[in-house]
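Peer 1: next input, structure requested:
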Amino acid sequence: MFATILKRTLLLTSLLFTNFLASAQQVTEPEWAKPYPPFQIAGNLYYVGTYELACYLIVTPKGNILINTGLAGSLSTIKASIEALGFKLAATKILLTNQAHHDHMGAMAAIKKLTGAKMMVDEGDSAVVADGGRSDYALGGNTSNYAPLKVDRVLHNGDTIRLGGMQLVMLHHPGHTKGSCSFLFDVKDKERSYRILIANMPTIITDKSFSGIPAYPSIANDYAYTFDAMKKLSFDIWLAPHANQFELERKHKPDDAYNPAAFMDRKGYDALLNDLQDQFLKKLNGK
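Peer 2: Below is the predicted model:
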């Protein structure tokens with residue numbers, strides 16, 4: 001099972017790299033844009049993404065938090081998903097992302113314009129967000145990969161994002177991008193509370209050796225730091241910006257009842273991290 005997860009993850013990152021080089025708007029994986037029925041994950045945390053590009057809605061009495069937006073064309077899908085759950089896109093107050101790539105930032109500028117929400121970004125990705133991906137060390141170029149947008153708050157490791165009683169801690173997990181990050185927070189239902197980790201898994205997207213990336217001289221050290229930091233985290237439920245990474249389709253079917261326990265999978269998290277670290281070490285050692 002875990003070998004299959006790794007194979008799919010490596011294929012996904014390879015496709016992502018190829019797609020960026022060919023065209024920021026080209027989509028070769030239909031699951032990236034295919035709608036997925038929205039559902040309640042746990043407490044006030046909901047899934048509003050596509051079959052592959054995970055987007056998360058956190059609902060609070062003071063407005064909502066949206067994490068990731070998928071491709072540029074996903075705006076209507078996200079809006080429809082939020083409304084199907086009984087909420088409103090206009091209630092979005094804070095926008096977050098796990099990484100500043102077009103498959104998670106594509107619709108962000110449009111949603112920011114529609115809602116007036118504040119865009120908060122890890123310091124390492126703030127410049128990339130502001131120029132629409134042009135300055136990304138691996139996938140940048142002369143033109144933007146997505147609509148540039150203003151960053152309202154620059155986040156640093158351990159910073160807390162607060163809204164309506166929710167407190168999300170941003171964890172700096174660089175490597176995949178300079179500002180890749182994860183979010184750790186608590187939600188609760190009538191039965192119990194859950195510590196949630198929305199984890200940016202440290203996949204490698206460049207075919208160059210680490211020493212051959214002058215735009216990111218600390219990349220190897222950043223990956224090593226991230227693997228060490230992520231292995232030490234404690235949580236009940238883990239999720240990720242790509243649905244295949246946490247096996248969404250295996251853990252949840254569209255007709256399934258509310259079941260937070262389906263996403264309690266420390267074994268799967270550890271196995272994927274170990275496999276990705278093996279790939280990192282092989283690349284580091286030139287194998």
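Peer 1: tell me where the stretch 51-200 of the chain has helices.
Peer 2: For the stretch 51-200 of the chain, applying DSSP state H, counting those that start in this stretch gives helices covering 75-84, 102-105, 108-115, 123-130.
Peer 1: the ones you listed: which one's closest to Leu248?
Peer 2: Within the helices of the stretch 51-200 of the chain, the stretch nearest Leu248 is helix 75-84; the backing value is 14.0 Å (C-beta to C-beta). (Each C-beta comes from the backbone N, C-alpha and C, glycine too.)
Peer 1: next one: Arg162 from Gly43, what distance?
Peer 2: The gap separating Arg162 from Gly43 is 17 Å, by C-beta to C-beta, to the nearest Å.
Peer 1: CSV for the helices of the stretch 51-200 of the chain, including mean neighbour count?
Peer 2: Listed next are these as CSV, based on neighbours: other C-beta atoms under 10 Å:
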stretch, mean neighbour count
helix 75-84, 18
helix 102-105, 27
helix 108-115, 19
helix 123-130, 22
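Peer 1: using JSON lines, lay out the ones you listed together with distance to Pro30 and mean pLDDT.
Peer 2: Shown next, in JSON lines, are those (distance: least, C-beta to C-beta, whole Å; pLDDT from 0 to 100):
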{"stretch": "helix 75-84", "distance to Pro30": "13", "mean pLDDT": "98"}
{"stretch": "helix 102-105", "distance to Pro30": "13", "mean pLDDT": "96"}
{"stretch": "helix 108-115", "distance to Pro30": "22", "mean pLDDT": "98"}
{"stretch": "helix 123-130", "distance to Pro30": "27", "mean pLDDT": "98"}
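Peer 1: could you export those helices to TSV, including columns for distance to Tyr47?
Peer 2: As requested, the helices of the stretch 51-200 of the chain are exported to TSV (distance: least, C-beta to C-beta, whole Å):
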stretch	distance to Tyr47
helix 75-84	8
helix 102-105	14
helix 108-115	17
helix 123-130	23
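Peer 1: burial of Lys208, as a residue count?
Peer 2: Around Lys208 there are 12 other residues, counting by other C-beta atoms under 10 Å.
Peer 1: where does it sit: helix, strand or coil?
Peer 2: Following DSSP: H, G, I helix; E, B strand; the rest coil, Lys208 is assigned to coil.
Peer 1: and the pLDDT at it?
Peer 2: We note a pLDDT of 89 for Lys208 in this prediction.
Peer 1: from Gly286, how far out is it?
Peer 2: Taking C-beta to C-beta as the measure, Lys208 falls 12 Å from Gly286.
Peer 1: what residues does Lys34 make contact with?
Peer 2: Lys34 makes contact with Thr50, Tyr51, Glu52 under the criterion C-beta atoms under 8 Å, 6 or more residues apart in numbering.
Peer 1: go again using 10 Å as the cut-off
Peer 2: By C-beta atoms under 10 Å, 6 or more residues apart in numbering, the residues touching Lys34 are Thr50, Tyr51, Glu52, Leu53, Thr77.
Peer 1: out of those residues, who's nearest Gly70?
Peer 2: Out of those, the member with the shortest distance to Gly70 (by C-beta to C-beta) is Leu53, at 3.9 Å.
Peer 1: and Gly286, what element?
Peer 2: Gly286 belongs to no helix or strand when assigned by DSSP states H and E.
Peer 1: need the contact list for it.
Peer 2: Per C-beta under 10 Å, 6+ apart, neighbours of Gly286: Ser209, Phe210, Ser211.
Peer 1: who wins for most neighbours among those residues?
Peer 2: That'd be Phe210 among the contacts of Gly286, by other C-beta under 10 Å, with 20 neighbours.
Peer 1: what distance do you get for the residue nearest to that one when sequence neighbours are not counted to Leu284?
Peer 2: Among residues not flanking Phe210 along the chain, Ala220 sits closest, at 4.3 Å (C-beta to C-beta, 6 or more residues apart in numbering). Computed with C-beta to C-beta, the distance linking Ala220 and Leu284 is 6 Å.
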